[in-house]
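S.K.: Pasting the sequence and the predicted model now:
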Amino acid sequence: MKVSLILFVSVGLFPLQTKPVYCQSANDPNLVIERIMKTGMIEGHDAKVIGGMGDAAAVILAKVLSDRDLRQQDVGGGLWILADAFAGDRCFSLDSDRKPWAAFLLLRYFDLSTTDAEVKNQIADDTNGLECGYERHLQSEDEKRRALQGAGVVKRFLCNPC
């Protein structure tokens with residue numbers, strides 16, 4: 001009798017969760033990017049979620065920023081997200097995410113929205129880094145294509161194995 005009464009009181013006092021709790025939604029890039037922009041806090045797990053997303057992260061970031069006025073801390077969080085999304089020589093889930101179209105638009109928007117010289121320098125460095133990274137990718141893909149054609153192998157799509 002005591003056990004059922006305790007169970008009844010426990011369930012009655014704590015309402016049921018209608019949304020997934022943080023630990024259940026931590027792998028959703030939309031929620032991670034939205035949380036970073038809302039709180040300004042970056043957690044260690046965020047790099048795993050955002051890393052390798054490429055331009056898809058920039059598209060999500062643009063959607064999050066479209067609902068608000070741009071603040072100075074938004075620029076800092078946005079720069080971190082873009083840098084991490086394109087960091088290193090990672091495989092991208094879609095080849096179209098490798099080209100930073102939306103990222104370049106956001107970087108231009110950030111540049112036009114700030115007057116701080118240090119932030120403008122960081123934006124210029126990030127823009128240059130994205131351009132160089134994409135150029136390196138094109139060069140390596142071109143070298144692979146030439147090597148395969150020289151060996152008599154023709155492939156339609158080339159990608160580094162993940």
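M.R.: Noted; the coordinates are in hand.
S.K.: in this structure, which helix has the most residues?
M.R.: The longest helix of the chain (DSSP state H) is helix 117-150.
S.K.: what mean pLDDT does that one have?
M.R.: Averaged across helix 117-150, pLDDT comes to 84.
S.K.: ditto for stretch 42-54
M.R.: 87.
S.K.: Restrict it to CA atoms and write it as PDB.
M.R.: Extracted in PDB, the C-alpha atoms of stretch 42-54 (Å, rounded to 0.1, in the frame of the first residue of the first chain):
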ATOM      1  CA  ILE A  42      29.700  26.600 -26.500                       C
ATOM      2  CA  GLU A  43      30.000  23.100 -25.100                       C
ATOM      3  CA  GLY A  44      32.500  20.500 -25.900                       C
ATOM      4  CA  HIS A  45      30.000  18.300 -27.600                       C
ATOM      5  CA  ASP A  46      29.000  21.100 -30.000                       C
ATOM      6  CA  ALA A  47      32.100  20.700 -32.100                       C
ATOM      7  CA  LYS A  48      31.200  17.000 -32.800                       C
ATOM      8  CA  VAL A  49      27.700  18.000 -33.900                       C
ATOM      9  CA  ILE A  50      28.600  21.000 -36.000                       C
ATOM     10  CA  GLY A  51      31.900  19.700 -37.300                       C
ATOM     11  CA  GLY A  52      31.800  18.500 -40.900                       C
ATOM     12  CA  MET A  53      28.400  20.100 -41.600                       C
ATOM     13  CA  GLY A  54      29.900  22.700 -44.000                       C
END
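S.K.: Need the phi and psi values for residue 71.
M.R.: phi -110, psi 160 (degrees, to the nearest 10).
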